[in-house]
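Colleague: kindly return the folded structure for what I paste below:
(one chain, ligands or ions: 1)
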Amino acid sequence: MSNEHYPVVILGAGVTGLTLAHHLNKRGANFKVLEKLERHGGVVNTQSEKGFVFESGPNSGIISHPEVVALFDDLGDAIKIEKGNDLVKIRYVLKNGEWHALPHSPLSAISTPLFTLKDKFRILGEPFRKKGNNPDETLAELVKRRMGNSFLDYAIDPFILGIYAGDPAQLVTRHAMPKLYNLEQKYGSFIGGARKKAKEPKSELEKRTDRAVFSIEGGLSGLTNALLKSADEKHFDFACANITVEKQEAGFKVSYELGDEMNVIYCDKLVTTFGSVGLKDTLPFIATKEMQHLTNLKYARVVEVSLGFDQWEGRELDGFGGLIPHKEKRDLLGVLFMSSLFKNRAPKGGALLTIFMGGIRNEHLCDLNDKDLIKVLEREFKDLMKVSDYNPSLVKIKRYSHAIPQYGVNSNERFETIDAVQEQYPGLIIAGNLRDGIGMADRIKQASIIANKLSS
Ligand SMILES: Cc1cc2nc3c(=O)[nH]c(=O)nc-3n(C[C@H](O)[C@H](O)[C@H](O)COP(=O)(O)OP(=O)(O)OC[C@H]3O[C@@H](n4cnc5c(N)ncnc54)[C@H](O)[C@@H]3O)c2cc1C
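Modeller: Predicted coordinates for the structure are as follows:
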């Protein structure tokens, strides 16, 4: 029983909680982080076995916000950032059972078999098309309207599978892809808008926000380890069970079990960083209707499999990986060629690949037991990766029942409820991936903004 008082308590020690803790510690603030698990990092978890270094959560991030650059600057020599090599630009998409590289130049866009001739001509008119006026337009509707069906099926659909394990027909553009939405709304076109945006004046940090694909040498846990160290482990309690928050006249009382002990601490500000799952039990003082709005969020279920081969004899791994559009009716979402992108992920001559299965439109695959799952994987993998002798020496399966939140039509209701609840209970900050984006870079940005607010 501690009864201590902290200005800030953070719930969760994933990328969001760790980044916030790092910033607060840097500013000399006093705070406490309570984490449910015995380890930090959340879904970020690099492991090593049999000469392979593999991820069981995210595989890489994108330097897509200046806050990421600033965080890397802060961490300095504590992390060795590894940007993906030139192969990251080559991304394969499956069409009629064959892999085709997504075009990344006007010439390759003309010759690619991924898009129909009609849509290739149609794209020339994209800058002149009227902008949409439905703020809740789905990504599928937007892309069909501006670019055509084949772009939706063979560019956006696999892209969305790669990021959201989702369905473009269920994601609302302004919430799921706000940058794309803003290009159309602000500049009237994706193509023209991207060009104009590139010419706008930028701060030094913005100039260094190069959208590079990154990992850390030795894997992404290098980042979360460095964050824990710079945030100072003394601020953290791990393996906290049954964390419950009560509203006080001013601030909050937080009760939790730590080993055999019941702990109670008090705080002025309380930040949740673990998304919508578990909010109801943790914040029981929030009214039922508001809690329903906060937690009415569908998460894609995903199975992630790391496959390691001592000797690779399949198709050439000359790219970032391959994505498989839903139209192709296959049982894999995509394959990442991890050992081609980053150093020391597999023994020499071998290969490490990450395979994703399931997702919003193929959730039934997540229900298969390991044996049946591996059977499906083997059938698909051998065919798609041209492997005649399937003998991986590493097979690691990780299942996520709540992998990626889907920002669908009810997003606005959720965001408005977050604002209302935070106003009703001053000092409460509901953060995490139920708002502000789903990627690691989005989490870093959100935590950095919250740190600024808490310190002002
Ligand atoms: C399979 C998968 C692949 C992904 N791939 C990519 C990718 O390639 N690139 C990319 O940028 N992003 C990717 N992401 C998304 C990215 O990993 C996440 O955005 C980010 O890591 C989430 O960090 P977080 O701290 O917000 O949440 P989490 O990592 O979920 O951390 C939340 C923490 O809170 C703890 N917790 C839960 N409940 C409580 C409670 N009641 N009290 C206290 N603590 C609690 C949890 O144990 C956890 O440690 C992927 C995610 C998944 C699942």
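Colleague: now stretch 415-435, how far from the chain's geometric center?
Modeller: Put simply, stretch 415-435 sits 21 Å off its chain's centre (C-alpha atoms, centre = their mean, to the nearest Å).
Colleague: same question, stretch 108-128
Modeller: Centroid separation for stretch 108-128 versus its chain: 30 Å, with C-alpha atoms, centre = their mean.
Colleague: which residues sit against that stretch?
Modeller: Contact with stretch 108-128 is made by 93, 95, 100-103, 146-151, 154-155, 188-192, as judged by C-beta atoms under 8 Å, 6 or more residues apart in numbering. Where C-beta positions appear, they are placed from N, C-alpha and C, glycine not excepted.
Colleague: the same query, at a cut-off of 10 Å, please.
Modeller: With contact meaning C-beta atoms under 10 Å, 6 or more residues apart in numbering, stretch 108-128 is reached by 93-96, 98, 100-103, 105-106, 129, 146-155, 158, 184, 187-193, 195, 325.
Colleague: state the distance from the residue lying closest to Gly193 once chain neighbours are set aside to Arg129.
Modeller: Leaving aside its sequence neighbours, Gly193 sits nearest to Tyr187 (C-beta to C-beta, 6 or more residues apart in numbering; 3.1 Å). Using C-beta to C-beta, to the nearest Å, one obtains 12 Å as the distance from Tyr187 to Arg129.
Colleague: in which helix or strand does the residue nearest to Glu363 when sequence neighbours are not counted reside?
Modeller: Counting by C-beta to C-beta, 6+ apart, Glu363 lies nearest to Arg301, which is 5.0 Å off, once chain neighbours are set aside. Following DSSP states H and E, one finds Arg301 within strand 299-309.
Colleague: which elements pack onto that strand?
Modeller: Identification of packing neighbours for strand 299-309 by 3 or more C-beta pairs under 10 Å, 6 or more residues apart in numbering; DSSP states H and E yields strand 46-49, strand 52-55, helix 157-164, strand 334-336, helix 338-341, strand 351-358, helix 370-384, strand 394-405.
Colleague: quick one: which of the ones you listed is nearest the ligand?
Modeller: Closest to the ligand of the helices and strands packed on strand 299-309 is strand 394-405 (C-beta to the nearest ligand atom; 4.0 Å).
Colleague: just checking: what are the partner strands of that closest one?
Modeller: Applying DSSP bridges, strand 394-405 is found paired with strand 299-309 (antiparallel).
Colleague: so what's Gly6 up against?
Modeller: Heads up, residue 6 is Tyr, not Gly. 29-33, 235, 251-252, 254, 265-270.
Colleague: which of the residues you listed ranks first by neighbour count?
Modeller: Val33 (28 neighbours; other C-beta atoms under 10 Å).
Colleague: so who does it touch?
Modeller: Here Val33 is in contact with 6, 8-13, 17-18, 20-21, 24, 40, 228, 231-233, 235-238, 240, 271, 273 (criterion: C-beta under 10 Å, 6+ apart).
Colleague: Gly166 too?
Modeller: 139, 157, 160, 176, 298, 300, 359-361, 404-408, 438.
Colleague: farthest-separated two in the residues you listed?
Modeller: The span of these, defined through C-beta to C-beta, is set by Asp157 and Pro405 at 18.7 Å.
Colleague: need phi/psi at the closest residue to the ligand within the stretch 101-250 of the chain.
Modeller: With C-beta to the nearest ligand atom, the shortest gap between the stretch 101-250 of the chain and the ligand falls at Ile243, namely 4.5 Å. With angles defined as degrees, to the nearest 10, Ile243 sits at phi -70, psi 130.
Colleague: right, and it touches Ser255 too?
Modeller: Yes - assessed by C-beta atoms under 10 Å, Ile243 is found in contact with Ser255 at 7.4 Å.
Colleague: from Asp237, how far out is Asp383?
Modeller: Asp383 is 49 Å from Asp237, by C-beta to C-beta.
Colleague: these two: which has the busier surroundings?
Modeller: With neighbours defined as other C-beta under 10 Å, Asp383 and Asp237 compare such that Asp237 has more, 16 against 12.
Colleague: just checking, that one touches Phe31?
Modeller: No - counting by C-beta under 10 Å, Asp237 stays clear of Phe31, with 11.7 Å between them.
Colleague: check which element follows the lowest-mean-pLDDT helix or strand in the chain along the chain.
Modeller: With mean pLDDT, DSSP states H and E as the measure, the helix or strand of the chain carrying the lowest mean pLDDT is helix 106-111 (a mean of 80). Later in the chain than helix 106-111, the nearest helix or strand by DSSP H and E is helix 117-124.
Colleague: mean confidence score for that following helix?
Modeller: For helix 117-124, mean pLDDT is 90.
Colleague: ok, then the element right after it?
Modeller: On the C-terminal side of helix 117-124, the closest following helix or strand by DSSP H and E is helix 139-146.
Colleague: now that following helix against helix 157-164, angle please.
Modeller: For helix 139-146 against helix 157-164, the angle by axes from the mean of the first three to the mean of the last three C-alpha atoms, to 10 degrees is 150 degrees.
Colleague: any idea how far helix 139-146 is from the middle of the chain?
Modeller: For helix 139-146, the distance to the chain centre is 23 Å (C-alpha atoms, centre = their mean).
Colleague: report the buried residues of that helix.
Modeller: Leu139, Ala140, Glu141, Leu142, Val143, Lys144, Arg145, Arg146 (16 or more other C-beta atoms under 10 Å).
Colleague: and that helix with helix 117-124, angle?
Modeller: 80 degrees.
Colleague: for whatever helix or strand comes next after helix 139-146, packing partners?
Modeller: Later in the chain than helix 139-146, the nearest helix or strand by DSSP H and E is helix 149-151. If you count contacts as 3+ C-beta pairs under 10 Å, 6+ apart, helix 149-151 packs onto helix 117-124, helix 139-146.
Colleague: what mean pLDDT does helix 149-151 have?
Modeller: For helix 149-151, the mean confidence score works out to 95.
Colleague: what does stretch 386-406 give?
Modeller: 97.
Colleague: that one: how far from the chain's middle?
Modeller: That offset, for stretch 386-406, works out to 17 Å (C-alpha atoms, centre = their mean).
Colleague: for this structure, list the residues in contact with the ligand, please.
Modeller: 11-17, 34-37, 42-44, 57-61, 243, 273-274, 278, 282, 302, 304, 400, 403-404, 432-433, 438-441, 443 (C-beta under 6 Å from any ligand atom).
Colleague: for Glu304, list each beta-bridge partner.
Modeller: Applying DSSP bridges, one finds that Glu304 bridges with Phe356, Lys398.
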